[in-house]
Every structure is written in structure tokens, then in C-alpha cells.
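Asks: The amino acid sequence is not available; the structure is as follows:
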């Protein structure tokens, strides 16, 4: 039964991706606008525009263009950039590692901090610690990402370097192949920046979910049977309370893989976010569509992982 459920989810994900390809194609190629005119420039003649349109295949019927587009996608070809002729797949493959490193490392950090603080806050509800953590969470949610990033750069990079303690490196991304320590050292400040806002969200989400679960009948029954409080909280309470947390995590990771443009820009990491901004500015449609497909695929995969995690975390989900 569980295997059939996963197969259905995979097929649904494929359907979603197909609808995304259809929507993005219609948005960029059927909607008003002429990419050939944009590429040719204002001074181009009609003959030059027509030549560019023919080279790009934009003079073909819409159904032929879509069929050619889908045929390339099936074979793993995202097309070529309008401006430099380079493969979109090659361009995005170079931009994906910084974004993936930032999002996945940040996710580990914000989960560890947010869930731990949320459990602590829920088990000491209405105490001074709970109110303090609530205040911290509100502050974290209210802080714009670029403000957090610039503050960290000023305090932990500029001031420490000025004082003769160059602990944190300047803005850049170092591949994991250059060494795990250097890779992590260049990403510590971006991770903290991203996690500062996200951890606050997960703190509030975990706290609310834990308070709901700790009031359920089966938790009260476990306590009445003399089960140790630590086991009640972590074995019975937290496991069920993590269901909405996992849902939020799947959405966040899938969305952020599509581009963490603010954090990437503040720390000069490159990445998918900056690539899509440049593509929008220049009107490079194949690159934009490639980023949309990658982001959609990340969301589909993340939600499939969430569905699997549901069955592992909560037996009631498997029974349902």
C-alpha cells in the first residue's frame, strides 16, 4: 500500500512538472512580447529581427515550438542562452552548488536551533524562558535578511579582521572539493544569516505543535502510567509534533533552492538567485524557464520526501 502511495505521488509530481512547463511556455512565448526584438536591439532592422526569430525557431507555429521544447526537456536539454549561446544546463549546473550548499547547511542550522528552542519553550510554557524565546522569535522574524547579513559582515568580518582576527573570510564561495573546512568557513556567515529568520519561524511552529500534542489523551495516558517525562516529550510528543515542521521544511527547501537571492547577493556567493535576476534584466527566457523548472522540481522532490517522512514519524498517517 505504501509503495502504491509513493508511485501515485511520483506520477502526480510528473503531472505538476508538465503543467509548469506548459504554464511557463505560454507565459513567455504565447504572451505578448518579442524576444527577437529584445535581442536585436532598438536599432535593428526588420530583416535582422526576422533572421534572429528564424534562428531561435520563433517563427514556427506555437504547437511546433512547444513540441520541440518538450522534446529537448525529455532528453535533458534546457536549451541555450539567448545572449551567450551557452547551454542553460551548464550555466545552472555552475550556479546550483552555492545555492544548494547555502540552503541545506542553513536548514540543518535552523532546524537544530528552531526545534530545540521550540521544545524548550513548549515544556516551560508561560515561564520567563518561554516569553524570552518568544521575544527572540519575533525579533528574528522581523529582521530583514539583508540587514542580518550586513550586520554579521560588519561585526564578524570587518571588525574582527580590523582587530587582527581574520576568522571569517571575505565574500566568496569555495567549492566543497577545495576542502570541507574552507567550504564551511566561507558559508558560516551566510548560514547564520539564513537561519536567523528561519529558526524563528520553526521555533514558533514547534512550540505551537508541541503544546497541542502534549494535551492529547495518549500523552496524558503515558504520564499516568509513569512513563518518564523525558520519554513522554521526545518519544511521544516531539515525534508527532514534527509533522507540521516537516511540511514547512519541505516547502522552504524547495522554494529556497529556486534562489536565495538576497543572501547570495549580500555575501557575493553567486548562485541560482543571482542568475535568475540577471536573466530577468536581460530577458534571457531559456535561463528563466530553466530556473523555474529546477525550482519546481525541488518543490516536488521535497514534498515527496515529506510524504515519506510522515509515514515514519506518525503511525496514524500510515493507517490513514
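Replies: Great, that's in hand. Remember, predicted model here, so these are calculated numbers, not experimental data.

Asks: Report all helices and strands that the helix or strand where residue 98 lies contacts.
Replies: Assigned by DSSP states H and E, residue 98 belongs to helix 88-123. Packing contacts for helix 88-123, counted by 3 or more CB pairs under 8 Å, 6 or more residues apart in numbering; DSSP states H and E, involve helix 128-142, helix 188-214, helix 238-257, helix 261-267, helix 272-282, helix 285-313. Quick note: C-beta positions are derived from backbone N, CA and C, even for glycine.

Asks: For the residue positioned nearest the centre of the chain, which non-adjacent residue is spatially closest?
Replies: Nearest to the geometric centre of the chain sits residue 256, at 1.9 Å (CA atoms, centre = their mean). Nearest residue to residue 256, sequence neighbours excluded (CB to CB, 6 or more residues apart in numbering): residue 103, at 4.6 Å.

Asks: sec struct for residue 174, please.
Replies: coil (DSSP: H, G, I helix; E, B strand; the rest coil).

Asks: thinking again about what came up before, out of the helices and strands packed on helix 88-123, the one nearest residue 122 is which?
Replies: Nearest of the helices and strands packed on helix 88-123 to residue 122, taken as CB to CB: helix 188-214 at 3.5 Å.

Asks: where in this protein is pLDDT low?
Replies: 1-2, 29-44, 56, 170-171, 258-259, 311-320 (pLDDT under 70).

Asks: Give the burial count for residue 179, as a bare number.
Replies: 11 (other CB atoms under 10 Å).

Asks: Next, the closest residue to residue 297 other than its chain neighbours: phi, psi?
Replies: Leaving aside its sequence neighbours, residue 297 sits nearest to residue 17 (CB to CB, 6+ apart; 6.4 Å). Backbone torsions for residue 17, taken as degrees, to the nearest 10, come to phi -60, psi -40.

Asks: what about residue 17, distance to residue 184?
Replies: 33 Å (CB to CB, to the nearest Å).

Asks: repeat for residue 117
Replies: Separation of residue 117 from residue 184 (CB to CB): 23 Å.

Asks: Which one's more surrounded, those two?
Replies: Each of residue 117 and residue 184 has its neighbours counted (other CB under 10 Å); residue 117 has more, 21 against 14.

Asks: Which residue is the nearest non-sequential neighbour of that one?
Replies: residue 203 is the one closest to residue 117 (CB to CB, 6+ apart), at 4.7 Å.

Asks: related to what we said a few turns ago, from residue 298, how far off is the residue nearest to the centre of the chain?
Replies: For residue 256, the distance to residue 298 - CB to CB - is 8 Å.

Asks: coming back round to it: can you give the distance of the helix holding residue 98 from its chain's centre?
Replies: Mean-position distance between helix 88-123 and its chain equals 8 Å (CA atoms, centre = their mean, to the nearest Å).
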